[in-house]
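Undergrad: Compute the structure for the input listed below.
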Amino acid sequence: MSKNELRKDKTCLNCRYVVENRFCPNCGQENTDTRKTFHHLFIHFFEDLTHYENAFWKTIRNLLLKPASLTKEYLSGKRLSYLAPVRLYIFISFVTFLLISLFPDESQPEAVTLKENKKGEMIQYSVNGIVSQDYKHLSKEEIKILELHQKGALTERESDSLLVLVREGKIEKEKKSDKGFLTLWYDSIEQMDSIRKLNPEAISDFEYDLNKRSIEINEKYSDKEIEQKFQEAIWHNIPKVLFIYMPLFAFVLWLFHNKKRWYYFDHGIFTLHYFSFLLLILLLMFLFHELMDCFGDNSIITSITNIVSIAGYAWMCYYFFPAHHRFYGQSRLASFFKSITILSINSVLMGIMLIILIVYTFVNLH
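TA: Okay, here's the model as predicted:
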């Protein structure tokens, strides 16, 4: 129940109906003061999004630990006790992709710091704050600069400047020596033009445009830059792909179940809850990994992280089977084989969607 003061005017601001109590009997709008503080605006937004705290946590708990229970409760008519499926998915999807995007990218330039023993010998160094004694990923030039710094031949400022120059040189060298991360069948546009002059039908318009786009991208960016741009573009479009793909997932469920007993709407609700679970478990594992990274890199932390990751991915893979069995009420054996078939078909469909996404990203890369 809202704690806002009632308006003295008993006329509803929405429909102009006479309001005797808190809520308008005609349209249901609350007859309270329309001017609110920022604190009220924030609280109202969160409450409206999660439908109050108790319903929110109850929904999250059942979603994670009780496969298909939310779907069964919703379709049985118990809807006020939980978040609505669409609202739940949008909320989890928004929070998941927002939080993951807010954390720093691990592929950022490395910051190298050193540690000496009493004799002045380099015994370890740290990269981006993570201590390591593995020198394999450093070039000979970088190791030489670090050694000179340890011997006192270079100041810290000089060594840092040289390291930056060496890394910039490596990037520039990659750009010049690249044969092309996305090179398809031809090395240059001139080569394709020459072939088409001799035989206009040798290269189709589609093949020509595809290779031309590939050559232009390779001339503009290095392999690492292309890879980074690809990852950014694909990550940006994943929420859209999932939103488009969910109706297909529900359609596959519809094909495999009794059409008289189960409507497409029922499969849609099951799909929304299932995809909400997948995103939520991915978010929780991501946050756990980020938390473990704060404790540094050691065998105990790595073991704990690996165990949690294995458990999380195992639960993700297993979750669909009990969810399908409990919701559709079939025997365990029939449900198991039907689940295998449904997941296999959806794996193929998801693969096609990802190929389309990659082609779309390639065409629109800039």
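Undergrad: if I look at N211, how far off is E227?
TA: 20 Å (CB to CB, to the nearest Å). Yep, even glycine has a C-beta here, placed from its N, CA and C like the rest.
Undergrad: typed the wrong thing, it's R7
TA: R7 is 59 Å from E227, by CB to CB.
Undergrad: could you pull out the strands for the stretch 251-366 of the chain?
TA: Counting by DSSP state E, counting those that start in this stretch, the stretch 251-366 of the chain has no strands at all.
Undergrad: quick one, helices of it?
TA: 264-293, 299-328, 332-363 (DSSP state H, counting those that start in this stretch).
Undergrad: Apart from its chain neighbours, what residue comes closest to the residue nearest the centre of the chain?
TA: Relative to the mean C-alpha position of the chain, the nearest C-alpha, by CA atoms, centre = their mean, is the one of F97, at 5.0 Å. Closest residue to F97 apart from its sequence neighbours, by CB to CB, 6 or more residues apart in numbering: P239 at 5.7 Å.
Undergrad: Work out for me the element the one you found sits within.
TA: Using DSSP states H and E, the element containing P239 is helix 223-255.
Undergrad: L65: neighbouring residues, count only.
TA: Taking other CB atoms under 10 Å as the neighbour definition, L65 ends up with a count of 9.
Undergrad: Where does the prediction get shaky in this structure?
TA: In the predicted model of the chain, residues 1-5, 33-53, 104-141, 165-185, 366 satisfy pLDDT under 70.
Undergrad: one step back: who has more neighbours out of N211 and E227?
TA: Legend: neighbour count by other CB under 10 Å for N211 and E227, higher for N211 (21 against 14).
Undergrad: How about the helix or strand encompassing the more buried one, which residues are buried there?
TA: N211 is located in helix 205-220, with elements delineated by DSSP H and E. Buried residues in helix 205-220, defined by neighbour count with 16 or more other CB atoms under 10 Å: 208, 210-215, 217-218.
Undergrad: what inclination does that helix have with respect to helix 332-363?
TA: Angle, helix 205-220 to helix 332-363, by axes from the mean of the first three to the mean of the last three CA atoms, to 10 degrees: 70 degrees.
Undergrad: for helix 205-220, packing partners?
TA: Contacting helix 205-220 under the criterion 3 or more CB pairs under 8 Å, 6 or more residues apart in numbering; DSSP states H and E are the following elements: helix 189-198, helix 332-363.
Undergrad: Flag every buried residue along the shortest one.
TA: Across helix 189-198, burial judged by 16+ other CB under 10 Å covers M192.
Undergrad: can you pull the contacts of F295?
TA: I301 (CB atoms under 8 Å, 6 or more residues apart in numbering).
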